[in-house]
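**Q** Dropping a prediction and its sequence here:
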Amino acid sequence: MPQNKQIHLDNRPTGEAVASNFKLVITDTPALEPGQVLARHHFLSLDPYMRGRMNDAKSYAAPQALGQTMGGGTVGEVLESRNAKFAVGDKVVGIGGWQQYSVVDADQPGALRKVDTSRIPLSAYLGAVGMPGVTAWYGLVKIIEPKPGETMVVSAATGAVGSAFAALSKARGCRTVGIAGGPAKCKYAVEELGFDACIDYKLHPDAGALSKALKEACPKGIDGYFENVGGMVLDAVLTRMNAFGRIAVCGMIAGYNGAPLPLTYPALILMNRLKVQGFIVSEHMEVWPEALKELGTLVATGKLRARESIAPGIESAPEAFLGLLKGKNFGKQLVRLIE
C-alpha cells in the first residue's frame, strides 16, 4: 500500500488563520478490509466553510479534530477494491480530505459515488456539478423561488457557488447581477458567466456607496439575494430589496475570522416583509439528484463554464486555502494531487 501525505490541523487559529495552524504528515496506508476501497485522489476541494470548522465552537458542523486529516471533498479513481460495487479504475467523488489517498468504507451512504467523465471533467464534480453547484441550486430554487423577469443578486459571484447561480438564474429568465472583487472578476462574470451586470465591491468604501451601485445595476430593485459574504455587502443589499424579497443565507465569509458582523438596518426585514433563510446543503440530500442532473446538463452543453484555480501538490493546500479566504482565487479553488 502506498505512503500517504496528509495535512492535519495542528492547532486552532486565534483570529486569522495562518499556515502554521497546519502540519504535513506522512503515513502508511492501511491494508483494505472487506467492503473497503482505496481511492487515489486527483483533486481536493478547498471551501470557505472549512474555516469555521477550524474553531472549537458550536456550529452546524462538528469542529475539525486536532491531529487529524483536514476534511474535504475529493475526486479520483479506485486503485484497489474489496467491494463488489467498485472496480479498479472507477472515477469517484467522496470526502477523502486533505490527503493523497483514502481508505473508504464504500457501503456507507454518501461515502463514495461513481461519476461519468465522458462529458463532464472530473474536477467539475467538486464545483459546478458538486456541492457548490447544488448549494446554488437549493438556495435559488427552494428558498428564493425565482419568477421570470425578477432580479437576482449573488455575492462572491465568480466563485464556485456564484458561477453556478448565474447559469441557473439566467435559465429561469431572471436579471442576474453579481458582486465580486476586482475588474478582472467582474469582466469574467459578464462576458463568460452570463451575468447582466457585476459590481466591483472594492470600488465602494462603504455600504452607502455600494447601495448606489446596486440601484444602477438593479433599476427594478432586488427580488432575490444569495448571501455568501455578509457585513457591508448585506447592509447594502438590504436597502435595495423589494417588498416580499427572499434572501438565502449560505455563508458569511466576512466574519470567518471571528469578528462580529452587526446588521445596520435589521428593521428593513420587517418593513419589506423579507424572507431570510439560512441553509446547509448537506441537510437536503433529497434534492441532489434533481440538482445534479440540471447542473450536469449545463456543464456538458457549455452553458456553465466555471473557472478553476488549481494549486499544485498537497503541500500547497494550506496557502491556497488562506488565499481563498482573502478572495485570491479565481473561480473554484482546487488542489491537484497527481502529476
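**A** Yep, that arrived. This is a predicted model, so every value here is computed, not measured.

**Q** Pairing partners for Ile199 in the sheet, please.
**A** Applying DSSP bridges to Ile199 yields these beta-bridge partners: Ile179.

**Q** which residues does the residue most central in space within the chain contact?
**A** Residue closest to the mean C-alpha point of the chain, counted by Cα atoms, centre = their mean, is Pro132 at 4.0 Å. When contacts are counted by Cβ atoms under 8 Å, 6 or more residues apart in numbering, Pro132 touches 47, 126, 159-161, 164, 332. Backbone N, C-alpha and C define where each C-beta goes, glycine included.

**Q** Show me the residues you listed that map onto strands.
**A** Lys332 (DSSP state E).

**Q** Can you lay out the contacts of Pro132 as TSV showing distance to Pro63?
**A** Shown next, in TSV, are the contacts of Pro132 (distance: Cβ to Cβ, whole Å):
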residue	distance to Pro63
Asp47	16
Leu126	23
Gly159	24
Ala160	24
Val161	23
Ala164	28
Lys332	25
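
**Q** Narrow the contacts of Pro132 to those in helices?
**A** Applying DSSP state H to those, the entries found in helices are 160-161, 164.

**Q** Switch those over to CSV; also include neighbour count.
**A** Shown next, in CSV, are these (neighbours: other Cβ atoms under 10 Å):
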residue, neighbour count
Ala160, 31
Val161, 30
Ala164, 31
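
**Q** from these, which is closest to Glu339?
**A** Each of the ones in helices among the contacts of Pro132 was scored against Glu339 by Cβ to Cβ, and Ala160 proved nearest at 24.3 Å.

**Q** The closest one against Tyr125, yeah?
**A** No - between Ala160 and Tyr125 there is no contact under Cβ atoms under 8 Å: 11.6 Å.

**Q** picking that back up, identify the residue with the minimum pLDDT among the ones in helices among the contacts of Pro132.
**A** Within the set of those, pLDDT is lowest for Ala160 (92).

**Q** domain ranges for the chain?
**A** Using automatic domain parsing, the domain ranges for the chain come out as 3-127+307-336, 131-282.

**Q** for these, which one ends up most surrounded?
**A** Neighbour counts (mean count of other Cβ atoms under 10 Å) averaged over each of the domains of the chain peak at domain 131-282, with a mean of 20.

**Q** Okay, strands next: where are they in the stretch 51-200 of the chain?
**A** 74-81, 91-94, 101-105, 112-114, 151-155, 175-180, 197-200 (DSSP state E, counting those that start in this stretch).

**Q** Average pLDDT for the third one, rounded please.
**A** What that stands for is strand 101-105. What strand 101-105 shows for mean pLDDT is 97.

**Q** same deal with the fourth one?
**A** In this model, strand 112-114 has an average pLDDT of 95.

**Q** quick one: least confident helix or strand in this structure?
**A** One helix or strand of the chain scores below all others by mean pLDDT, DSSP states H and E: helix 49-53, with a mean of 91.

**Q** Alpha carbons of that one, in PDB - could you do that?
**A** C-alpha atoms of helix 49-53 as PDB (Å, rounded to 0.1, in the frame of the first residue of the first chain):
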ATOM      1  CA  TYR A  49     -16.800  26.500   5.300                       C
ATOM      2  CA  MET A  50     -13.600  24.800   6.300                       C
ATOM      3  CA  ARG A  51     -12.500  27.900   8.200                       C
ATOM      4  CA  GLY A  52     -15.400  27.600  10.600                       C
ATOM      5  CA  ARG A  53     -14.600  24.000  11.400                       C
END
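
**Q** sorry, back to before: any chance of the strands of the stretch 51-200 of the chain in CSV, with distance to Asp10 too?
**A** Shown next, in CSV, are those (distance: least, Cβ to Cβ, whole Å):
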stretch, distance to Asp10
strand 74-81, 21
strand 91-94, 24
strand 101-105, 20
strand 112-114, 28
strand 151-155, 32
strand 175-180, 33
strand 197-200, 37
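
**Q** of those strands, which approaches Gly52 most closely?
**A** The stretch from the strands of the stretch 51-200 of the chain with the least distance to Gly52 (Cβ to Cβ) is strand 151-155; that distance is 17.3 Å.

**Q** tilt between the closest one and strand 175-180?
**A** Counting by axes from the mean of the first three to the mean of the last three Cα atoms, to 10 degrees, strand 151-155 points 20 degrees away from the direction of strand 175-180.

**Q** Now strand 151-155 - C-alpha only, CSV.
**A** C-alpha atoms of strand 151-155 as CSV (Å, rounded to 0.1, in the frame of the first residue of the first chain):
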residue,chain,number,x,y,z
THR,A,151,-33.9,40.5,-10.4
MET,A,152,-31.5,38.1,-8.6
VAL,A,153,-28.2,39.1,-6.9
VAL,A,154,-25.3,37.0,-5.6
SER,A,155,-22.2,37.9,-3.7
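
**Q** hmm, who's touching that strand?
**A** With contacts defined as Cβ under 8 Å, 6+ apart, strand 151-155 is touched by 136, 140, 144, 146, 161-162, 165-166, 169, 174-179, 201, 214, 218, 220-229, 233, 237.

**Q** what lines up beside that strand in the sheet?
**A** strand 175-180 (parallel), strand 222-227 (parallel).

**Q** Redo those as CSV? Include distance to Val18.
**A** Shown next, in CSV, are the strands paired with strand 151-155 (distance: least, Cβ to Cβ, whole Å):
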stretch, distance to Val18
strand 175-180, 26
strand 222-227, 27
